[in-house]
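Visitor: Here is my input, please return the structure:
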Amino acid sequence: MQTAINQVSPALPQQDAEKTGFRVLGAISFAHFLNDMIQSLLLSIYPLLKGNFSLSFVQIGLITLTYQITASILQPVVGFYTDKHPKPYSLAVGMGFTLIGLLTLSMAPSYGMLLFAAALVGTGSSIFHPESSRVARMASGGRHGLAQSIFQVGGNAGSSVGPLLAAWIVIPHGQSSIAWFSLAALLAIAVLWQIGNWYKRKRIEAKGKPAKARHTYLDLPRKKVLFSIAILLTLIFSKYFYLASLSSYFTFYLMNKFQLSVQSAQVHLFVFLFAVAAGTVLGGPIGDRVGRKVVIWISILGVAPFTLMLPYANLFWTGVLSVIIGMILASAFSAILVYAQELVPGKVGTVSGLFFGFAFGMGGIGAAALGKLADMTDINFVYHVCSFLPLIGLLAIFLPSLDAHRRQVAAA
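Guide: This next block holds a predicted model:
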């Protein structure tokens, strides 16, 4: 841990590094809150857009697909590039794309412009996530799981607030009211510019210092690393395909099955997304203590009994189960991301971009595919099909135990 701290801030004593780290982690988490709050508006106003533009479920899914695919394709590219050429102020630039997308969404006169706005928001996300994940790791003080959880909880909290703001502001006042949220984007740009200043200072402090020895204690065979990455990406597929069913279509499911109003359904969506935020807080720190493989195993496969029960539950138990599902499922991502970063040391941006991008892509493909399925059958059938997805978590048994591998190397 001390090595990690020194790599982040070689000129500062440990106590000051940790103090600075938590301040930066708080700032990047707040920026993540604003970023994902803005992005969640896109999902939250689907009922409004469906009515205004007479959209089918497939067209709604294509909006999500455009946003997610834009982000998923660009994120690994951004991460790979910034591993070699760090850009401290790219975070603020990325938020600028989100700002333009937000304003475009508020004025879009046609379905084509809605897709263009979604693409701009996706571009902003593709720049934000890899670099902000790097900042979180730089400021972690060696507690990588905790740092990623602090960073992630900001985004998930923002996502949970989005539906409430949509229900209170956008739904009553119409599409043009989305423009008010440009103020949040401007605030995020100001925060991210200050983070860029911190990032730049750390880069300057590190220049001229002797390079630290590279971590070789995870010198796993290349085939084993690639196989493990493939398993982790498969688990991401199961997680985000299922989350797509809830984030994109949960309001329609509740309105169809229980005859709820749009605003009541949005409140239920907020409760689910808030549970996702709470679960995110737990995953990283627990992974630091008991091992990331344990968290991955429990969070992906452990949610299966509850997803299997959800399609048969009444309204009360649907709310209860959605909270349990959100908390358990959300604990996985921080553990998966840090586990992958440990598998491929020194490639934080590339790994973060790959996993954030793949997660966004699976969410987008899932939204489009499930929208098509809903049009062909009905929205209730979608939840019956998706309830089996967490069983893919059985693949976690093939992941190597990195802690055990470290002990073996240390003993050799």
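
Visitor: if I pick the closest residue to residue 282 other than its chain neighbours, what's in contact with it?
Guide: Distance criterion C-beta to C-beta, 6 or more residues apart in numbering; nearest residue to residue 282, sequence neighbours excluded, is residue 331 at 5.1 Å. For every residue, glycine as well, the C-beta is placed using N, CA and C. Residues in contact with residue 331 (C-beta atoms under 8 Å, 6 or more residues apart in numbering) are 279, 280, 282, 283, 286, 295, 298, 299.

Visitor: CA atoms only for stretch 167-186, dumped as PDB, please.
Guide: Presented in PDB, the C-alpha positions along stretch 167-186 are these (Å, rounded to 0.1, in the frame of the first residue of the first chain):
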ATOM      1  CA  ALA A 167     -41.000  13.300 -12.400                       C
ATOM      2  CA  TRP A 168     -40.900  16.700 -10.600                       C
ATOM      3  CA  ILE A 169     -39.600  18.900 -13.300                       C
ATOM      4  CA  VAL A 170     -39.400  17.400 -16.900                       C
ATOM      5  CA  ILE A 171     -42.700  15.400 -17.000                       C
ATOM      6  CA  PRO A 172     -44.900  18.400 -15.700                       C
ATOM      7  CA  HIS A 173     -43.100  21.100 -17.700                       C
ATOM      8  CA  GLY A 174     -42.200  19.300 -20.900                       C
ATOM      9  CA  GLN A 175     -39.100  18.500 -23.000                       C
ATOM     10  CA  SER A 176     -37.700  22.100 -23.000                       C
ATOM     11  CA  SER A 177     -37.300  22.100 -19.200                       C
ATOM     12  CA  ILE A 178     -34.400  19.700 -19.700                       C
ATOM     13  CA  ALA A 179     -32.300  22.800 -20.500                       C
ATOM     14  CA  TRP A 180     -32.400  23.800 -16.800                       C
ATOM     15  CA  PHE A 181     -30.000  20.900 -16.100                       C
ATOM     16  CA  SER A 182     -27.300  22.600 -18.100                       C
ATOM     17  CA  LEU A 183     -26.500  24.400 -14.800                       C
ATOM     18  CA  ALA A 184     -25.500  21.100 -13.300                       C
ATOM     19  CA  ALA A 185     -23.300  20.400 -16.300                       C
ATOM     20  CA  LEU A 186     -21.600  23.800 -15.800                       C
END
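
Visitor: gap between that stretch and the chain center?
Guide: In terms of C-alpha atoms, centre = their mean, to the nearest Å, the centre of stretch 167-186 is set 22 Å apart from its chain centre.

Visitor: tell me which residues in that stretch are buried?
Guide: Going by neighbour count (16 or more other C-beta atoms under 10 Å), the buried part of stretch 167-186 is 167, 170, 171, 175, 177, 178, 181, 182, 184, 185.

Visitor: The fifth one touches residue 168, doesn't it?
Guide: Going back to what we said before, that points to residue 177. No - under the criterion of C-beta atoms under 8 Å, residue 177 is not in contact with residue 168, lying 10.1 Å apart.

Visitor: is it true that residue 137 touches residue 147?
Guide: Yes - Residue 137 is in contact with residue 147 according to C-beta under 8 Å; the separation is 6.3 Å.

Visitor: Nearest spatial neighbour of residue 52, chain-adjacent residues omitted?
Guide: Residue nearest to residue 52 in three dimensions, not counting chain neighbours: residue 175, with 6.4 Å by C-beta to C-beta, 6+ apart.

Visitor: again with residue 297
Guide: residue 396 (4.5 Å).

Visitor: For the one you found, list the residues it contacts.
Guide: By C-beta under 8 Å, 6+ apart, the contact set of residue 396 is 231, 235, 293, 296, 297, 300, 301.

Visitor: Next one: the first one from residue 379, what distance?
Guide: Using C-beta to C-beta, to the nearest Å, we find residue 231 at a distance of 31 Å from residue 379.

Visitor: same check, this time on the fifth one
Guide: Residue 297 sits 31 Å away from residue 379, going by C-beta to C-beta.

Visitor: these two touch, right, residue 303 and residue 390?
Guide: Yes - between residue 303 and residue 390 there is a contact at 4.9 Å, judged by C-beta under 8 Å.

Visitor: list the residues that contact both of the two?
Guide: Contact criterion C-beta under 8 Å, 6+ apart; residues shared by residue 303 and residue 390: residue 329.

Visitor: ok, the residue nearest to residue 52 - contacts?
Guide: Shown in contact with residue 175 (C-beta under 8 Å, 6+ apart): 45, 48, 49, 52, 105, 106, 108.

Visitor: Leaving out chain neighbours, which residue sits closest to the fifth one?
Guide: Using C-beta to C-beta, 6+ apart and skipping the chain neighbours, the partner closest in space to residue 105 is residue 117 (3.9 Å).
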